[in-house]
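Asks: no FASTA, just this:
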């Protein structure tokens, strides 16, 4: 696993440890109102009577009493990958894992939907209705923070594959949604790096121009770009546009998992690796702790 940090003058080479006996389990799916230590599907009032929904998992130490007493928790918001059976990605909010692997039950974990064009269901491939998908985040992230004690100054947006592109494509879509986030984490892919076989993703020259406009909305906020494949294509595109406060992490999935497929994951292109203890997870979690602590008052 190779870690390249913009904040340090030298690249650091670390080697992933052998796989532990068991990966961190995801919180169980449950029905009813969100509660500590469980994942619950929530239908926003605007989508009552439809299948559009997001997931909320509250921290293990969350309680109504703590929230009423003014306790606030960081929030990690996630966009999932496309439906892609080769890698095991379902494209559904229930299939997400990246954000929980990073926060480990110490933050409010929210998995947002891509709202389908008919606005009746979650889309499992690409963005669905872009305006509706962006609007969903604008409406529901402040609502979730208010309802469950999320700190609006400590909201990180993350995503895997399609969601990694969405961190910028959706999360920096306009000035209003861009203001929601204190940091960004994209794993495997990034907005503007390569062309995609969709109207918004080609031709590459136009797509990159539009992605460049979105990246300007970072305004120096911290970004972690991780990937499970070697090469500097992402860095070559991003660095001239956002040279400040961007960290790069390359993960050696063979060292972490051995052969593919295996009992844990089907393919190196996966969002499960943060559930496995190792150097990569430790580094990513340290980044999360640093970013979510940035706005806390000194004790």
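Replies: Cool, got the structure. The structure presented is a predicted model; accordingly, all values stated were derived computationally and were not measured.

Asks: what's the helix or strand for residue 154?
Replies: If you go by DSSP states H and E, residue 154 is part of strand 150-160.

Asks: report the buried residues of that strand.
Replies: Within strand 150-160, the residues that qualify as buried are 150, 151, 152, 154, 155, 156, 157, 158, 159, 160, counting by 16 or more other CB atoms under 10 Å. In short, each C-beta sits where N, CA and C put it, glycine included.

Asks: touching, the fourth one and residue 103? I think so.
Replies: Read that as residue 154. No: taking contact to mean CB atoms under 8 Å, the distance of 11.1 Å between residue 154 and residue 103 leaves them out of contact.

Asks: who touches both of these two?
Replies: Between them, residue 154 and residue 103 share the neighbouring residues residue 74, with contact defined by CB atoms under 8 Å, 6 or more residues apart in numbering.

Asks: can you show me the strands along the stretch 1-150 of the chain?
Replies: In the stretch 1-150 of the chain, the strands defined using DSSP state E, counting those that start in this stretch lie at 2-5, 12-13, 29-30, 39-42, 54-57, 73-79, 108-111, 150-160.

Asks: ok, back up a step: and the strand holding residue 154, what does it pack against?
Replies: In terms of contact count using 3 or more CB pairs under 8 Å, 6 or more residues apart in numbering; DSSP states H and E, strand 150-160 is assigned the packing partners strand 73-79, helix 98-103, helix 130-148, helix 162-169, strand 183-187, helix 279-293.

Asks: could I get the full set of strands for the stretch 151-299 of the chain?
Replies: Counting by DSSP E, counting those that start in this stretch, the stretch 151-299 of the chain has strands at residues 183-187, 223-227, 246-250.

Asks: from these, which stretch is densest packed?
Replies: The highest average neighbour count among those, using mean count of other CB atoms under 10 Å, belongs to strand 183-187 at a mean of 26.

Asks: what strands flank the strand holding residue 154, and is each parallel or antiparallel?
Replies: Using DSSP bridges, the strands paired with strand 150-160 are strand 73-79 (parallel), strand 183-187 (parallel).
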